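K.L.:
Have a look at this prediction, sequence included:
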Amino acid sequence: MPYRWPEDTVFTRLELAVEEPWCRTCGGALTICDHRHHRVFTLHGPVHLVCKLAHCPARACPAGTQTISPEAETTITMPWWVLGWDVVCWLGHRRFAQHWSVQQLRTELADTYHIPLSDDAIERYIHRYQQMLAARQRDPQQLAAAYAQVDAVILAIDGLQPEKGHETLYVVRELERKRVWFAEALLSSATTEVQQLLVQARTWAERLGKPVRLWMSDKQDAFVRGIAAEFPGVPHRYCANHFLRDVAQPVLDADSRAKVRMRRTIRGLRTIEREVLAEQRVTAPPVSLETHPGELPTAAPGPSEGPAEEEGRDVVLDYCAATRGILNDDQGGPLHPPGLRMAEALGDGHASLQRNLEAQKGGVRMNDSRAWPAISTEV
Ligand SMILES: [Zn+2]
């Protein structure tokens with residue numbers, strides 16, 4: 001949909017003429033036959049490009065039917081775009097190098113550059129930026145420069161599924177320079193489909209003139225067969241990440257079951273908290289200054305109630321909060337399974353409670369008063 005410019009927009013007018021005013025076929029002078037108007041946002045304000053279109057007027061010239069437009073236009077923007085290259089690069093750089101959100105980009109564009117764009121327009125241009133970037137990354141000259149100092153390449157192939165139910169995207173990466181070489185969406189992981197990618201990888205390596213030192217993958221059948229066929233003699237190693245993940249899967253499954261059991265065992269936190277809070281409300285009314293000695297406020301606790309009991313209730317609430325934190329913590333990967341972390345933390349909490357109980361009995365405290373604090377909120 002063409003962009004609707006507000007009527008009071010002030011444009012800088014820029015007229016562009018064809019670079020060569022002579023016909024390439026017959027050598028005659030070209031004549032201007034039309035003007036194409038293209039309005040774009042740039043970081044320096046709106047620009048109105050007037051492209052002077054030309055053609056060869058000679059009737060006998062076979063090139064007479066062709067319209068030639070100034071190439072300079074594409075150095076400022078692309079056909080049908082509403083943004084100049086400078087704005088597109090500004091967007092892409094902030095999105096991918098600085099991880100700005102689309103909303104942040106929209107606000108900053110509007111505030112600083114007076115470019116009002118919708119979120120979906122910004123997303124569309126970010127997508128175009130990605131396409132340009134991918135094209136540049138694949139550019140043979142750029143690639144040759146990046147690999148000038150590399151003796152041999154290490155390649156990896158993996159299938160990624162951006163979202164469940166989507167076709168798998170097969171990505172070939174090179175690990176010496178940590179570059180994605182190319183990615184293709186394949187409808188199946190059949191050997192013949194995967195083979196095409198491996199042929200392409202070989203073409204790339206040959207074009208660079210670099211030997212392939214090693215292949216890495218999750219070793220699914222199609223990769224194993226295809227790599228053996230396309231790269232005879234090149235070692236094919238298991239990707240360490242996949243290996244670890246596969247080994248860890250049974251552990252993680254067991255860990256997850258243990259977590260459920262622990263959560264089921266430790267319940268009733270809310271009930272304890274509710275009871276303590278109710279007690280607190282009963283025992284903590286504002287103490288009347290007019291209370292006479294020997295007379296207790298109506299809601300006052302028994303004579304045993306004192307600061308220690310109050311402190312005790314806070315400790316109980318702290319323990320409840322800490323335990324809830326432990327039960328809700330889902331952090332940890334294969335090397336630090338969440339259930340194992342949970343069991344350790346609950347064990348610490350239990351030991352801490354035990355120390356308090358013993359301290360109260362006077363047993364531990366009397367024997368070794370420095371071993372632990374009388375009341376510990378540490379879990
Ligand atoms: Zn001509």
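P.N.:
Great, that's in hand.

K.L.:
May I have the secondary structure class of the closest residue to the ion within the stretch 151-300 of the chain?
P.N.:
Here the stretch 151-300 of the chain gets closest to the ion at one residue, R207, 38.7 Å apart by C-beta to the ion. To be clear about C-beta, it is placed using only N, CA and C from the backbone, and glycine gets the same treatment. With DSSP: H, G, I helix; E, B strand; the rest coil as the basis, R207 sits in helix.

K.L.:
Burial check on it, number of neighbours?
P.N.:
When neighbours are defined as other C-beta atoms under 10 Å, R207 has 11 of them.

K.L.:
hang on, isn't it packed against P140?
P.N.:
Yes - in this structure, R207 is within contact of P140 by C-beta atoms under 8 Å, at 6.3 Å.

K.L.:
residue boundaries of the helices in the protein?
P.N.:
For the chain, the helices defined by DSSP state H cover 73-76, 85-96, 102-113, 119-137, 140-146, 191-208, 221-230, 240-265, 269-283, 307-328, 338-361, 363-367.

K.L.:
Indicate which one of those is closest to V10.
P.N.:
helix 102-113 (14.1 Å; C-beta to C-beta).

K.L.:
May I see the buried residues of stretch 6-25?
P.N.:
Neighbour-count burial for stretch 6-25, counted by 16 or more other C-beta atoms under 10 Å, picks out 14, 16-18, 23.

K.L.:
ugh, wrong one, stretch 128-148
P.N.:
128-129, 143, 147.

K.L.:
Could you do stretch 310-317 as well?
P.N.:
Of all the residues in stretch 310-317, those buried under the rule 16+ other C-beta under 10 Å are 313, 315-317.

K.L.:
CSV for the residues you listed, including pLDDT and distance to the ion?
P.N.:
Below are the buried residues of stretch 310-317 laid out as CSV (pLDDT from 0 to 100; distance: C-beta to the ion, whole Å):
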residue, pLDDT, distance to the ion
R313, 86, 97
V315, 87, 95
V316, 88, 95
L317, 89, 91
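
K.L.:
Turn those residues into a markdown table, including distance to N241.
P.N.:
Listed next are the buried residues of stretch 310-317 as a markdown table, based on distance: C-beta to C-beta, whole Å:
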| residue | distance to N241 |
| --- | --- |
| R313 | 49 |
| V315 | 44 |
| V316 | 45 |
| L317 | 43 |
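
K.L.:
quick revisit: contacts only, for the residue of the stretch 151-300 of the chain closest to the ion.
P.N.:
Neighbour list for R207: P140 [criterion: C-beta atoms under 8 Å, 6 or more residues apart in numbering].

K.L.:
Please apply the same query to Q280.
P.N.:
Counted by C-beta under 8 Å, 6+ apart, Q280 has contacts 310, 313.

K.L.:
In terms of pLDDT, where does it sit?
P.N.:
For Q280, the model assigns a pLDDT of 80.

K.L.:
What of P57?
P.N.:
The model's pLDDT for P57 equals 92.

K.L.:
Would you agree it is in contact with G28?
P.N.:
Yes - contact criterion C-beta under 8 Å: P57 and G28 qualify, at 7.2 Å.
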